[in-house]
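Student: coords please:
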Amino acid sequence: MNLGDKQELFARQLPRLLDYIHSLGYEVRLGDSFRDTRVHGKFGEKKGYGHKNSCHKLKLAQDINLMKDGKFLTKTSDHLEIGEWWENQHPDNRWGGRFPNPDGNHYSMTHFGAM
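Tutor: Prediction:
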């Protein structure tokens, strides 16, 4: 699957993820989505914050901040049920809670090994 097809698939899946989160009783505040390569460096280049091979640079990632009863939930474990659901929606879906340096609010699709 080429990058454009993956971006379109990710965009189709993202609303389903948000609907699922809302069905569990959470509110959402969106975090990082696309990281402009003019600021964060080209794919494979480390510039600013984030991984040099971040799927944010490929438009294949969304950080989702969970809110419950007005409280911002910051622990990776707060995202576990949602992350597992996301991983089960498509074989290329990745949840940041599984990363070596866990990033619980990160939801993405892998593309040629990028997460």
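
Student: the host helix or strand of Leu9 packs against which elements?
Tutor: Using DSSP states H and E, Leu9 sits in helix 3-23. Secondary-structure packing of helix 3-23 (3 or more C-beta pairs under 8 Å, 6 or more residues apart in numbering; DSSP states H and E): strand 27-30, strand 61-68, helix 80-87, strand 106-109. Any C-beta I mention is one placed from the backbone N, CA and C, and that applies to glycine too.

Student: highest average neighbour count across these?
Tutor: strand 106-109 (a mean of 26; mean count of other C-beta atoms under 10 Å).

Student: one step back: buried stuff in the helix holding Leu9?
Tutor: 6-7, 9-10, 13-14, 17-18, 21 (16 or more other C-beta atoms under 10 Å).

Student: quick one, phi psi at Asp103?
Tutor: Phi and psi for Asp103, reported as degrees, to the nearest 10, are phi -130, psi 80.

Student: what number of residues lie near the residue nearest to it when sequence neighbours are not counted?
Tutor: Nearest residue to Asp103, sequence neighbours excluded (C-beta to C-beta, 6 or more residues apart in numbering): Gly96, at 3.3 Å. When neighbours are counted by other C-beta atoms under 10 Å, Gly96 registers 22.

Student: got a list of what Gly96 touches?
Tutor: Applying C-beta atoms under 8 Å, 6 or more residues apart in numbering, we find Gly96 in contact with 76, 83, 102-108, 115.

Student: fine by me, thanks again.
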